[in-house]
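**Q** after the sequence you'll find the predicted model.
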Amino acid sequence: MYKQQPQGFRDFRRPGAWRGYETYWDMPWDLQRVHPLAPTERLLKPWKIALLAVAAVLALALTIGLLAYFLVFDQQLFYYNGNFKVMGIPNSDDLARRASSEFRELSRRIEKQIDNTFVDSSLRKKYIRSHVIRLSPDPSGVVAQVVLVFLFCMDNRPALREKVESVLQQKLNQYSGPLQIHFSSSTFSDIKKEKAEALFNDFCGLRRNKSKSVRTSNRVVGGVSSAEPGDWPWQASLQQNNVHRCGATLVSNTWLVSAAHCFAQSSNPHVWSVTFGTVLYPPRIKRYVQAIIMHEKYQYPANNYDIAVVKLSERVEFTNIVHHVCLPDSTQTFPYNSDAVVTGWGALDDGRPGPNVLREATVKLIDPDTCNRKEVYNGIITPGMLCAGYLEGGIDACQGDSGGPLVTPDSRGMWYLVGIVSWGHECAKPNKPGVYTRVTYYRDWITSKTGL
Ligand code: ARG
């Protein structure tokens, strides 16, 4: 608000009003104050300066924040579908079967070559992954259908596609390695997110938006950490009266694999239910059980043949939060000493109740000779069992994790079920690693019951 001059006050802002004094400094102090040249009137008051500084800092922070947001967070996934012609591959019927070692090996090589193509290019920071969807043998080679995923922060579709195409065109055709991949833009197109997700949902063992290796999180403290939604989409909880009893693993829209000992007290399907999602209460999805098939040779309390399959009364549709893991071929091998991940809602301390949020722990596969050593399990590990953990102790599955998955990724970032949590001498004790049901050993049994 404007402040009125007091009556009788000489207004020194009027021209000539200050005449009569030699200099400005000769004026009495209270007249100096209102004179147009008065230094106090020209300089800002300290509180005003502070206020302006704060406002300037705030404005700067806001600009930087918005800029960072648009550059870093406002990025979108873009999907492309392309058919690539691969030359110099001996024709084989097995190539068309996704579970075959031929399909897996050739897909791995194609994906690797596409990875390399983008790693060497200006799009290296935008490229997420590529995934071979289908291989179709054809007289002059093999046609590979591949979905490529990018993270871009602008939405100029034609320009982006042209950029991706030109990298593929230039670099892919230049490779002189054993694998000759020919790219033609005529079969290269953008696809919608929904379409790409549907294609990916057909695939087992994919953790969406996750990197390909075991060491996925730096959240691991003491080897055990909480999972986030979609981290382990195949993990299920087997419950009685809404109380978690055991883990289980989704291997198709209707079938789960679990441990036989979970059903030692009751194998009546009507008393069991299954939930999905990383949080137990409230669950994301709940299903009832139609059938429970325990291994015929399983005998409580012995630890052999500790496997069962569970059929849901209603199928679950796959999403990136809930879908199936890959079952290994019976001949597939997983190197000892390599990393695997076990997940579950089991006790964090032997004897205490478990958590509400799914936990994950990285363990090492231990070879049977080591596991059968006198000071370890002294010869009681049979060929249908697999040890995993650490001889020094500390990280392990525990009560309540039973029936749940032990998984490892292949080089394409697809996760395989290698073990089922079965037993152990207490939890995380030195020389007493976890013992798992060896899935490859029972692979044919699983097929005989489920057709998978
Ligand atoms: N039998 C236990 C259960 O019913 C699982 C034990 C696993 N123990 C271990 N130390 N890895 O949940």
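**A** Yep, it's here. Numbering: from 1, shown residues only.
**Q** residue contacts, the residue of the stretch 251-400 of the chain found nearest the ligand?
**A** With CB to the nearest ligand atom, the shortest gap between the stretch 251-400 of the chain and the ligand falls at A397, namely 3.8 Å. In short, each C-beta sits where N, CA and C put it, glycine included. Contact analysis of A397 by CB atoms under 8 Å, 6 or more residues apart in numbering lists 342, 344, 346, 361, 404, 406, 421, 424, 427, 434.
**Q** do F203 as well
**A** Contact analysis of F203 by CB under 8 Å, 6+ apart lists 98, 131, 133, 414.
**Q** from the residues you listed, pick the one nearest the ligand.
**A** Nearest to the ligand among these: M414, at 25.0 Å, using CB to the nearest ligand atom.
**Q** just checking, that closest one touches F200?
**A** No - in terms of CB atoms under 8 Å, M414 does not count as a neighbour of F200; the distance is 10.8 Å.
**Q** which residues are in contact with both of the two?
**A** With CB under 8 Å, 6+ apart, M414 and F200 have common neighbours L206.
**Q** quick one: which two of the contacts of F203 are the most distant?
**A** Maximum pairwise distance among these (CB to CB): 12.6 Å, between I133 and M414.
**Q** the closest residue to Q299 other than its chain neighbours - how many residues pack around it?
**A** Leaving aside its chain neighbours, Q299 sits nearest to Y305 (7.7 Å; criterion: CB to CB, 6 or more residues apart in numbering). The tally of other residues near Y305 (other CB atoms under 10 Å) stands at 20.
**Q** quick check: Y305 touching Y298?
**A** Yes - assessed by CB under 8 Å, Y305 is found in contact with Y298 at 4.1 Å.
**Q** which residues are common contacts for the two?
**A** In contact with both Y305 and Y298: A260, using CB under 8 Å, 6+ apart.
**Q** C-alpha coordinates for the host helix or strand of T63, CSV please?
**A** Element membership for T63, per DSSP states H and E: helix 46-68. C-alpha atoms of helix 46-68 as CSV (Å, rounded to 0.1, in the frame of the first residue of the first chain):
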residue,chain,number,x,y,z
PRO,A,46,18.9,-7.1,3.8
TRP,A,47,15.6,-9.0,4.2
LYS,A,48,14.7,-8.2,0.7
ILE,A,49,18.0,-9.4,-0.6
ALA,A,50,17.6,-12.6,1.3
LEU,A,51,14.1,-13.1,-0.1
LEU,A,52,15.3,-12.5,-3.6
ALA,A,53,18.2,-14.9,-3.2
VAL,A,54,15.9,-17.6,-1.9
ALA,A,55,13.5,-17.1,-4.8
ALA,A,56,16.3,-17.2,-7.3
VAL,A,57,17.7,-20.5,-5.8
LEU,A,58,14.2,-22.0,-5.8
ALA,A,59,13.6,-21.0,-9.4
LEU,A,60,16.9,-22.5,-10.4
ALA,A,61,16.2,-25.7,-8.6
LEU,A,62,12.8,-26.0,-10.2
THR,A,63,14.3,-25.5,-13.7
ILE,A,64,17.0,-28.1,-13.1
GLY,A,65,14.4,-30.5,-11.6
LEU,A,66,12.1,-30.2,-14.5
LEU,A,67,14.9,-30.6,-17.0
ALA,A,68,16.2,-33.7,-15.2
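**Q** now the element after it, going C-ward?
**A** That would be, after helix 46-68 and using DSSP H and E, strand 76-87.
**Q** tell me the mean pLDDT for that following strand?
**A** When pLDDT is averaged over strand 76-87, the result is 91.
**Q** kindly report the same for stretch 134-141.
**A** The average pLDDT within stretch 134-141 is 86.
**Q** in that stretch, what counts as buried?
**A** Going by neighbour count (16 or more other CB atoms under 10 Å), the buried part of stretch 134-141 is 134-135, 141.
**Q** again with stretch 385-402
**A** 385-391, 395-402.
**Q** what of stretch 186-199?
**A** Buried residues in stretch 186-199, counted by 16+ other CB under 10 Å: 188, 191, 196-197, 199.
**Q** follow-up on the earlier one: narrow the buried residues of stretch 385-402 to those in helices?
**A** Among the buried residues of stretch 385-402, DSSP state H puts none in helices.
**Q** residues in contact with whichever residue of the stretch 301-450 of the chain sits closest to the ligand?
**A** The ligand sits closest to G424 of the stretch 301-450 of the chain, with a gap of 2.3 Å, by CB to the nearest ligand atom. Remark: with contacts taken as CB under 8 Å, 6+ apart, G424 is in contact with 389, 396-398, 432-435.
**Q** min pLDDT across the contacts of F203, which one?
**A** Per-residue pLDDT puts R98 lowest of these, at 84.
**Q** for the ligand, what's its nearest residue on the stretch 101-250 of the chain.
**A** Nearest residue of the stretch 101-250 of the chain to the ligand, counting by CB to the nearest ligand atom: C246, 6.4 Å away.
**Q** how about the helices in the stretch 201-350 of the chain?
**A** With DSSP state H, counting those that start in this stretch, there are no helices along the stretch 201-350 of the chain.
**Q** what does it have sitting close to the ligand?
**A** Contact residues, the stretch 201-350 of the chain versus the ligand (CB under 6 Å from any ligand atom): G346.
**Q** low-confidence ranges in the stretch 201-350 of the chain?
**A** Residues of the stretch 201-350 of the chain that meet the criterion pLDDT under 70 lie in 209-223, 350.
**Q** was I right about G419 contacting G384?
**A** No - with contact defined as CB under 8 Å, G419 does not reach G384; the gap is 10.7 Å.
**Q** of those two, who's got more company?
**A** For G419 versus G384, neighbours defined as other CB under 10 Å are more numerous around G419 (27 against 21).
**Q** ok, the more buried one - contacts?
**A** Per CB under 8 Å, 6+ apart, neighbours of G419: 340, 342, 386, 388, 405-406, 436-439.
**Q** turn those into JSON lines, columns for distance to Y288.
**A** Converted to JSON lines, those look like this (distance: CB to CB, whole Å):
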{"residue": "A340", "distance to Y288": "31"}
{"residue": "V342", "distance to Y288": "27"}
{"residue": "L386", "distance to Y288": "31"}
{"residue": "A388", "distance to Y288": "32"}
{"residue": "P405", "distance to Y288": "21"}
{"residue": "L406", "distance to Y288": "26"}
{"residue": "Y436", "distance to Y288": "27"}
{"residue": "T437", "distance to Y288": "25"}
{"residue": "R438", "distance to Y288": "30"}
{"residue": "V439", "distance to Y288": "25"}
